[in-house]
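A.B. asks: sequence unavailable; structure follows:
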């Protein structure tokens, strides 16, 4: 009832609770009385807060609004304006800092942290082994997202037992962002991400069983792998047209959105054939390829979202730019053991050699070191990144809705992909691609909220929505690196500094 009431209240530049351009003193008094009357029982509830003296960037497209307050009651935004107030609840005076909607990362993988494969850990086979190996720092990763201002994540592929483990951790009160998931990969036998703990599909019956399992998990959608791979000698197995049709029809029947992993033009077009909700990558590690004008036009007509994942290539450049590790926020949010491993000279080269050894035919494995040194040079990585940046900009210019997604951590060999911080770097990369700061912010808030169907709950700072906010010291509309100046993250009305979220 209260939510419907607040959603019905209209707002203007000066005060959200009463729709009147020339507000008189008596009307302000009446508005305050109504708020107090309606929410008196909620005033002392957990998740109630008054954010004061904010420079508000609400995500709706409006300009910066200075000197605003945001009233939060029981985890939801109850009022926005210069004269909004209430006694008896905690106050957070941000002293002119910038308040934005909480960041939404549209592509993460909480299954893994940086580099478990380099630590001798095998694949996560069950909950016990996962907690002791790949998932041993999961609570720190969840806290790390909040410490970086990320209040919602979409996990784009993990075994069912890991999804249950994470949900159980959060249900017990462990701090973390809003956790959405696409469940297990839908991949063909021996195809991309053919984990032992993830059943592949090869028949219509297998597709139906997989979709039933994902639906029982309450997933946001399903993730389909359509990937020919990066090996120059052979292509990975991909789903047959019959299986793809079964996935499309089965997902439609269950009202599940289809998200597709693909990384080249050929597979992008196949993804559009099955009416996917979003492409989860663009031109990853394919510096020689450009998006065709025909595909860009088709993508725009399809209203399919494009998730960025530029950090996959950018992260590897860490090995050539050690100065990146001097960022203070890294020391706050990344476990020291992982930061030390990433700082180790040649860590990226070692990781890529392991990766190449897995992908190359047996008779070429002994040459993995040489091939890595020839292929993964700073020049080649920079070319890859430039082409991916251009692809994102070309799609954006054509009207495709871009969604910020870091793909952290994209492979168990990756050592420079860091939960939380990489999301902020992904926002910066959107700016480097050519999006304006306002457009990059939209790609990190509103667009992902629409993509997952939660735009009535999150993505903007509006009355009735969840009180997920990030408070920045610097102005992100002038420089997207301002996202590194997080002062507080507010999740469901609970405000903490990065250090407090990390429980330090």
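C.D. replies: Looks like it arrived, so ask away. No experiment lies behind these values; they were computed from the predicted model shown.

A.B. asks: quick one: terminal-to-terminal distance for stretch 438-448?
C.D. replies: 15 Å (C-alpha to C-alpha, to the nearest Å).

A.B. asks: low-confidence regions, the stretch 51-200 of the chain specifically.
C.D. replies: 194-197 (pLDDT under 70).

A.B. asks: quick one: the strands in it?
C.D. replies: Along the stretch 51-200 of the chain, counting by DSSP state E, counting those that start in this stretch, strands occupy 65-73, 76-81, 91-93, 98-101, 103-108, 150-155, 178-181, 185-186.

A.B. asks: show me what the shortest one packs onto, helices and strands only.
C.D. replies: I take that to be strand 185-186. In terms of contacts (3 or more C-beta pairs under 8 Å, 6 or more residues apart in numbering; DSSP states H and E), strand 185-186 is packed against strand 221-225. Heads up, the C-betas are built off the backbone N, CA and C, glycines and all.

A.B. asks: which elements pack onto the strand it packs on?
C.D. replies: When contacts are defined as 3+ C-beta pairs under 8 Å, 6+ apart, strand 221-225 packs onto strand 185-186, helix 241-253, strand 257-261.

A.B. asks: now with 10 Å, please.
C.D. replies: strand 150-155, strand 178-181, strand 185-186, helix 204-216, helix 241-253, strand 257-261, helix 265-273 (3 or more C-beta pairs under 10 Å, 6 or more residues apart in numbering; DSSP states H and E).

A.B. asks: just want the angle from that strand to helix 204-216.
C.D. replies: Compare the direction of strand 221-225 with that of helix 204-216 by axes from the mean of the first three to the mean of the last three C-alpha atoms, to 10 degrees and you get 140 degrees.

A.B. asks: which residues does the residue nearest to the spatial centre of the chain bridge with?
C.D. replies: With distances taken as C-alpha atoms, centre = their mean, the residue of the chain nearest its centroid is residue 105 (1.3 Å). With beta bridges defined as DSSP bridges, residue 105 has these partners: residue 153.

A.B. asks: which residues of this protein score low on pLDDT?
C.D. replies: 1-45, 194-197, 232, 285-288, 348-375, 504.

A.B. asks: correct me, but residue 416 touches residue 406?
C.D. replies: No. When contacts are counted by C-beta atoms under 10 Å, residue 416 is not listed as touching residue 406 (11.7 Å).

A.B. asks: between the two, who's got more neighbours?
C.D. replies: residue 406 (33 against 24; other C-beta atoms under 10 Å).

A.B. asks: what is in contact with residue 416 and residue 406 at once?
C.D. replies: 311, 314-315, 422 (C-beta atoms under 10 Å, 6 or more residues apart in numbering).

A.B. asks: now, the most widely separated pair of the residues you listed?
C.D. replies: 314 and 422 (8.6 Å; C-beta to C-beta).

A.B. asks: overlap in contacts, the two.
C.D. replies: Joint contacts of residue 314 and residue 422 (C-beta under 10 Å, 6+ apart) are 406, 416, 429.

A.B. asks: and which of those residues is nearest to residue 446?
C.D. replies: residue 406 (17.6 Å).

A.B. asks: which secondary structure state is assigned to residue 488?
C.D. replies: strand (DSSP: H, G, I helix; E, B strand; the rest coil).

A.B. asks: next one: the nearest residue to it once chain neighbours are set aside from residue 49, what distance?
C.D. replies: With sequence-adjacent residues excluded and distances taken as C-beta to C-beta, 6 or more residues apart in numbering, residue 488 is closest to residue 471, at 4.2 Å. Between residue 471 and residue 49 the distance is 12 Å, computed by C-beta to C-beta, to the nearest Å.

A.B. asks: one more: residue 72?
C.D. replies: Taking C-beta to C-beta, one finds residue 72 at 4 Å from residue 49.

A.B. asks: count the neighbours of residue 457 for me.
C.D. replies: Using other C-beta under 10 Å: residue 457 sits among 16 other residues.

A.B. asks: ok, now which ones touch it?
C.D. replies: By C-beta under 10 Å, 6+ apart, the neighbours of residue 457 are 76, 152, 178, 449, 464-466, 468.

A.B. asks: circling back to that earlier point, which neighbours do residue 72 and residue 49 have in common?
C.D. replies: Common neighbours of residue 72 and residue 49 (C-beta under 10 Å, 6+ apart) are 86, 89-90, 92, 467, 469, 490, 492-495.

A.B. asks: closest one of those to residue 256?
C.D. replies: Residue 256 lies nearest to residue 492 out of the shared contacts of residue 72 and residue 49, by C-beta to C-beta, at 26.2 Å.

A.B. asks: and the closest one, how many neighbours does it have?
C.D. replies: Residues near residue 492, counting by other C-beta under 10 Å, number 17.

A.B. asks: please shift the residue numbers so they start at 347 in all later answers.
C.D. replies: Done: numbering now begins at 347, and the last item shifts to residue 838.

A.B. asks: for residue 826, what are its contacts?
C.D. replies: Residue 826 neighbours (C-beta under 10 Å, 6+ apart): 770-771, 773-778, 781-783, 786-787, 790, 820.

A.B. asks: inside helices: which ones of the residues you listed?
C.D. replies: 770-771, 773-778, 783, 786-787 (DSSP state H).

A.B. asks: just the buried subset of those, please.
C.D. replies: 770-771, 773-778, 783, 786-787 (16 or more other C-beta atoms under 10 Å).

A.B. asks: now those as a markdown table including distance to residue 461?
C.D. replies: Listed next are these as a markdown table, based on distance: C-beta to C-beta, whole Å:
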| residue | distance to residue 461 |
| --- | --- |
| 770 | 20 |
| 771 | 18 |
| 773 | 24 |
| 774 | 23 |
| 775 | 22 |
| 776 | 26 |
| 777 | 28 |
| 778 | 26 |
| 783 | 33 |
| 786 | 29 |
| 787 | 31 |
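
A.B. asks: and which of those is nearest residue 688?
C.D. replies: For these, the nearest to residue 688 is residue 771 (13.5 Å; C-beta to C-beta).

A.B. asks: list the contacts for the closest one?
C.D. replies: Applying C-beta under 10 Å, 6+ apart to residue 771 gives the contacts 656-657, 660-661, 664, 670, 673, 752, 754, 763-764, 826-827, 829-830.
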